[in-house]
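A.B. asks: Got a predicted structure plus its sequence, pasted below:
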Amino acid sequence: MILVFIETRDGKVKKGSLEALSEARRLSRQTGGAAEAVFIGPVEPALTAEAFANGASKAFSLDSPALSLYSPEAWALALGILVGETKPEAVFFSATALGRDLAPRLAARLGVGLASDCTGIAVKEGRLEFTRPVFAGKALLSLALRTSPALATLRPNVFPLEPAAGAGGEFVLRPVDVPGEAVKGKVVEILREPDAELDVTEADIIVSGGRGMKGPENFGLLKDLAAVLPKAAVGASRSAVDSGWIGHQHQVGQTGKTVSPNLYMAFGISGAIQHVAGMSGSKFVVAVNKDPEAPIFKVATYGIVGDLFEILPLLKEEFKKALA
């Protein structure tokens, strides 16, 4: 059995968690096991139905007053209790900010290994083999963990959703005893920036800008284009973020966020290896740069050599017509 941690935010299930659940179901069919979901805290029936629809045969809800707000120590303790009872073959997390924080804490508590930021998983000789990028995405590493359960974080937007037709399952409310001293730190409030946009790690399309944007006022052009496209977000290179043109939460790259959208549009980005490392998992890359020798063209599916300030408005109008 593979257990999948289901992350929720603002009353909705994170898409990355459903992708991890779908992958767990695919792998379980090969091993003869099952995929099960675990929520932390009270959960609405609609959310458990969503887990069942994406492959879970059972859904747990871990319940304790200490779990109402995120605390890495308390949540890892609660998950450790459930893992000890159910003894899964593996535990999957989506590689979101929360998943990357919680998974290693659970691994340390259980004394097991963790495969992080996985982009592929296969069953070989009866055990799971994980694939993850290394050396800034220049190579892929395949590994199998010797410890059990095998813990892994799965990169969002890499594993396809595979809804299960006519799916249903068993819901289990599991009270857990989390002593107060286990909570050394907790999230007391989540403050969203005004007019918060879709996070780049969850976007299907990313419209990204670099030093070629020339100033913060021109990032409005990228936001206007992103507003026309479905499930689109605005990204940026480190140079644009370091210049103060846009917030750090938009940064894509080795020192920013790793993304895997269906379409990555790079405007005025030269293509330094640190930036490419964060977006090399994109399915299609469109680059716009006035320098025909810019390194970004080496990784681009399509390249446009020209003035981005002339091309951006044209693209926006063409997308509006195509999507009308």
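C.D. replies: In hand now; what should we look at?
A.B. asks: beta partners for the nearest residue to Thr301 once chain neighbours are set aside?
C.D. replies: Using C-beta to C-beta, 6 or more residues apart in numbering and skipping residues adjacent in sequence, the residue nearest Thr301 is Phe284, 4.6 Å away. Where you see a C-beta, it was placed from the backbone N, CA and C, and this is true even at glycine. Taking DSSP bridges as the rule, Phe284 bridges to Leu263.
A.B. asks: Quick check, Phe284 in contact with Asn262.
C.D. replies: Yes: the criterion here is C-beta atoms under 8 Å, and Phe284 meets it with Asn262 at 6.7 Å.
A.B. asks: residues contacting the residue nearest to Thr301?
C.D. replies: For Phe284, the contacting residues are Asn262, Leu263, Tyr264, Thr301, Tyr302, by C-beta atoms under 8 Å, 6 or more residues apart in numbering.
A.B. asks: and the last one, what does it touch?
C.D. replies: Remark: with contacts taken as C-beta under 8 Å, 6+ apart, Tyr302 is in contact with Phe284, Val285, Val286, Ala287.
A.B. asks: how about the helices in the stretch 151-300 of the chain?
C.D. replies: Taking DSSP state H, counting those that start in this stretch as the test, the helices found in the stretch 151-300 of the chain are 219-228, 238-242, 273-279.
A.B. asks: Find the one among those helices with the highest mean neighbour count.
C.D. replies: Ranked by average neighbour count under the criterion mean count of other C-beta atoms under 10 Å, the helices of the stretch 151-300 of the chain are headed by helix 273-279 at a mean of 22.
A.B. asks: Excluding its own residues, what touches it? List them.
C.D. replies: Outside helix 273-279, the residues that touch it by C-beta under 8 Å, 6+ apart are 136-137, 206, 208, 210, 235, 237-238, 252-259, 261, 264, 266, 269, 285, 295-296, 299.
A.B. asks: Grab the longest strand from this structure for me.
C.D. replies: strand 127-134 (DSSP state E).
A.B. asks: what is the closest residue to Ile304 other than its chain neighbours paired to in the beta sheet?
C.D. replies: Distances taken as C-beta to C-beta, 6+ apart place Val288 nearest to Ile304, at 4.6 Å, with adjacent residues excluded. Listed beta-bridge partners, Val288: Phe267, Ile304 (assigned using DSSP bridges).
A.B. asks: Drop anything exposed from the contacts of helix 273-279.
C.D. replies: Neighbour-count burial within the contacts of helix 273-279 applies to 137, 206, 208, 210, 235, 237-238, 252-254, 256-259, 261, 264, 266, 269, 285, 295-296, 299; the criterion is 16 or more other C-beta atoms under 10 Å.
A.B. asks: Now distance to Thr86 too, for the helices of the stretch 151-300 of the chain, in TSV please.
C.D. replies: Putting these into TSV (distance: least, C-beta to C-beta, whole Å) gives the following:
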stretch	distance to Thr86
helix 219-228	42
helix 238-242	42
helix 273-279	35
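A.B. asks: Could you tell me the least trusted of these?
C.D. replies: Lowest mean pLDDT within these: helix 273-279, at a mean of 91.
A.B. asks: Export only the CA atoms of it, formatted as CSV.
C.D. replies: These are the backbone C-alpha positions of helix 273-279, laid out as CSV (Å, rounded to 0.1, in the frame of the first residue of the first chain):
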residue,chain,number,x,y,z
ILE,A,273,22.2,27.7,-16.3
GLN,A,274,20.9,28.6,-12.9
HIS,A,275,17.6,29.8,-14.4
VAL,A,276,17.4,26.9,-16.9
ALA,A,277,17.8,24.4,-13.9
GLY,A,278,14.4,25.7,-12.6
MET,A,279,12.4,25.4,-15.8
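A.B. asks: Now do the residue nearest to the spatial centre of the chain against Gly55, distance only.
C.D. replies: In the chain, the residue lying closest to the centroid (C-alpha atoms, centre = their mean) is Pro156, at 3.2 Å. Going from Pro156 to Gly55 by C-beta to C-beta, to the nearest Å gives 17 Å.
A.B. asks: do the same with Val172
C.D. replies: Counting by C-beta to C-beta, the gap from Val172 to Gly55 is 17 Å.
A.B. asks: can you give me the strands in the stretch 1-150 of the chain?
C.D. replies: Here the stretch 1-150 of the chain has its strands, by DSSP state E, counting those that start in this stretch, at 2-5, 8-9, 12-13, 35-40, 58-63, 90-94, 114-118, 120-124, 127-134, 139-143, 150-154.
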